[in-house]
Every structure is written in C-alpha cells, then in structure tokens.
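Peer 1: Got a sequence here, can you build the structure:
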Amino acid sequence: MTEQALQVEYRNNGIMLLILDRPRRRNAIDLATARSLSRALDELDENDEMRVAVLTGSGGVFSAGMDLKAFAETGERPVDEHRGGLGITGRPPEKPLIAAVEGAALGGGFEIALAADMIVAGTGATFGLPEVTRGLTAAGGGLLRLPERIPRNIAMAAALTGQPMAATRAAQLGLVNEVVPDGTAASTALELAAVIAANAPLAVRASKAVILASADWSSTERFQRQEEFADPVRRSSDATEGARAFAEKRSPRWQSC
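Peer 2: Residues are numbered from 1 along each chain as shown. Coordinates of the predicted model:
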C-alpha cells in the first residue's frame, strides 16, 4: 500500500513502517495525509497479521505539524473524521506505535510523537510546541499529553515559551526512550518493534490498554478493573503456550490476536 504522502511498508513478523513523505512541506500534515495515516492505523488495529508500527518522516525531518500553507490557502484543517487531528491525536492505535524522530518534531509533529507509545530520537532531533508564538494553542494533544510524560512545570514552560527541546534533554526527562546517532532512529525503532512483535499479541495489546486506561482508575478499584483486561489473557491459549514453551525451552507459537 502506497499513499501519495504516506509510505507504508510491511516488514517481517507483523511490523508496519509508516513514513510521512512530504519533504517539500517538511512532512507537514494536510487533510489528505491525515486521512491516509488514519487508514493505515485502522489497518494496524484490524489486521491480525499486524502487531506493531513504527512512524517516521522522510528527508531527515519528522513533521512540522499542521500544513499551515494549506490552511492559509483553503482554510483546510487536517482533522480526520475517525481519529481526529492529524489522523492520530484523537484516537491513537490500540496496538503499539513507536515514533522514530529525526530532525524537527514541532507543533503538531510533536503531538503526533506524543500520541505514540515510545519515542526513539536521533541526536539532532528537537521537540517543541511553538503554537503560542503564532497566536495558537497546541490543541492536538500537546497540552494534554506532555504534562503526563514530563514534570508539569517543565511542560508548562515548553507550552508557554514555545521554545524547542533537544533530544538529549527530552531523554533526561523520560520523554524519549533512546537517543541514537542521526539517521538511525528508524532502524533502532524497528529493532525495538521486533522485540515487541515477538511477544504474545493479545498480552501486548492488553498491557497497553491497562497502562492507558488505569490513569482514570481510583486506587480502590484499579486491581479489579485490571482483571477486565488480564483475565481474558490469562484464559487464552497463548498463556498455556507460553508456559509450555518455557518448560520445553523453545520459542512460543502464539495463536491469539
């Protein structure tokens, strides 16, 4: 599958590689690109053969966010009917997504990375929410997700000053999983994706769901609420297969999706 502004590659073991490919617009997202990304994420969630995705940008840039030129010319906003802003920020995928960031991830580009579950960044990558410098607010999830990932006062400074943050600083704050030499973020993210893809798909999906949903659970109900996700996994054929494979000292053969 190849979209005009989104390249989709299928790698071994159920790994999808999604490449934003509008280098002349610094991989900025227009409505067509948002819809293409949304469709690709639908396939990730709905196709039982797909287990994890890596999202990156072409030309040494992750994404400059919303295509302001398209907005200025036509008033078009990149809001997908199904997944919201930029084709992802309103409803990220249920399966794991890793952002591989090279160069700038600014504005909506940063919000796309924040919608992912993990971030691998090149040394020269930068992250920022410059919306306030343009008379806007970071309404694509930046103001909501960034304070969940890093200390509130540091997120506040990023949002109110609009100043960018270097990859090394983002890693110190725990926002970025790994900083790697420039040009290797995608390959490193694919290696991480391969580790995830080797695990039981049902268990991986449930684990992500618990981590995300439990933020709204009270301390008195969280273990009970967790069972809604954990019990089906425990009862699955994969749980039996995992134990058997461990006892037999072999790689497991997962069946559930």
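Peer 1: residue contacts, residue 151?
Peer 2: Listed by Cβ atoms under 8 Å, 6 or more residues apart in numbering, the contact partners of residue 151 are residue 173. For the C-beta atoms, the positions are set from N, CA and C on the backbone; glycine is no exception.
Peer 1: measure it to residue 165 for me?
Peer 2: Taking Cβ to Cβ, to the nearest Å as the measure, residue 151 falls 13 Å from residue 165.
Peer 1: now swap in residue 237 and tell me
Peer 2: Separation of residue 237 from residue 165 (Cβ to Cβ): 45 Å.
Peer 1: Same question for residue 248.
Peer 2: For residue 248, the distance to residue 165 - Cβ to Cβ - is 48 Å.
Peer 1: try residue 70
Peer 2: 27 Å.
Peer 1: same thing with residue 72?
Peer 2: Relative to residue 165, and taking Cβ to Cβ, residue 72 is found at 27 Å.
Peer 1: now swap in residue 34 and tell me
Peer 2: In terms of Cβ to Cβ, residue 34 sits 25 Å off from residue 165.
Peer 1: Of those two, give the one with the bigger neighbour count.
Peer 2: Between residue 34 and residue 165, counted using other Cβ atoms under 10 Å, the more crowded position is residue 34 (29 against 23).
Peer 1: The more buried one: what's it in contact with?
Peer 2: Contacts of residue 34 (Cβ under 8 Å, 6+ apart): 78, 79, 80, 83, 85, 86, 87, 88.
Peer 1: so what's the third one scoring on pLDDT?
Peer 2: On pLDDT, residue 80 comes in at 96.
Peer 1: Nearest spatial neighbour of residue 137, chain-adjacent residues omitted?
Peer 2: Excluding the flanking residues, the one nearest residue 137 by Cβ to Cβ, 6 or more residues apart in numbering is residue 131, at 5.5 Å.
Peer 1: Number of residues surrounding the one you found?
Peer 2: Residue 131, neighbours per other Cβ under 10 Å, totals 23.
Peer 1: Please apply the same query to the one 5 residues further on.
Peer 2: The criterion is other Cβ under 10 Å. On that basis, residue 136 has 14 neighbouring residues.
Peer 1: Now do the phi/psi pair for it.
Peer 2: phi -130, psi 170 (degrees, to the nearest 10).
Peer 1: Could I get the full set of helices for the stretch 51-200 of the chain?
Peer 2: In the stretch 51-200 of the chain, the helices defined using DSSP state H, counting those that start in this stretch lie at 68-74, 108-115, 142-149, 152-161, 167-172, 185-197.
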